[in-house]
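S.K.: Just the structure for this:
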Amino acid sequence: MGVEDVRKYFKERQLNYKVTEPEESTATVELAAKALGVKPALIAKTLSFKLKDNCYILLVTKGDARIDNRKYKDYFKVKAKMLKPDEVLEVTGHQVGGVCPFGLKNPLEIYLDKSLQEFEYIFPAAGSGNSFVKMTPDELQAITDSIWVDVCKSEMDI
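M.R.: As a prediction, the model looks like this:
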């Protein structure tokens, strides 16, 4: 599971992305930023949410972004409810700290917050607490067939 599922996902789609596995942990935004030597905002943070009727989604945001509950509820028509760690593993096939929108156990709708669009490159996890890939926000959108949304607080709101 995890990293190997991500590698298989890329290989099956003939995508040439290198999964990097540093010795340091990348399980949190802060640890990932330190291990990669980048600012925390460049870490593409993948969050798991439950909507109505046991429908699950992934939402990818910049590393230092926070969910704006009003924007989230206006868009998804439900209060933001993150999954518990055991639910995350069951739904995505990835442990918390390595959750990413690639190589998922179950097909999920994937949403990207527009906060990612301000960067040339971002670094999503790759299935484990010490893995990542480097790509552009547009590449992330294209290979995951995800939907752009605006559900995070703006810099002025934080």
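
S.K.: number of nearby residues for T20?
M.R.: Number of residues near T20 (other CB atoms under 10 Å) recorded here: 15. Quick note: C-beta positions are derived from backbone N, CA and C, even for glycine.

S.K.: Do you know the pLDDT at it?
M.R.: Looking at T20, its pLDDT is 95.

S.K.: Quick check: the gap between V29 and K39.
M.R.: Distance, V29 to K39, using CB to CB, to the nearest Å: 10 Å.

S.K.: Report the buried residues of the lengthiest helix in the chain.
M.R.: If you go by DSSP state H, the chain has its longest helix at helix 3-12. Buried positions in helix 3-12, judged by neighbour count with 16 or more other CB atoms under 10 Å: 3, 5-7, 9-10.

S.K.: Next: stretch 73-87.
M.R.: Applying 16+ other CB under 10 Å to stretch 73-87 flags 76, 80, 83 as buried.

S.K.: what about it, start to end distance?
M.R.: Chord length of stretch 73-87, first to last residue, is 21 Å (CA to CA, to the nearest Å).

S.K.: now do stretch 18-34
M.R.: End-to-end distance for stretch 18-34: 19 Å, by CA to CA.

S.K.: what do you get for stretch 135-150?
M.R.: 20 Å.

S.K.: in that stretch, what counts as buried?
M.R.: 135, 137, 140-141, 143-144, 146, 149.

S.K.: Among those residues, which are located in strands?
M.R.: Counting by DSSP state E, the buried residues of stretch 135-150 place V149 in strands.

S.K.: if you look at the buried residues of stretch 135-150, which of them are in helices?
M.R.: Per DSSP H, the buried residues of stretch 135-150 map to helices at 137, 140-141, 143-144.
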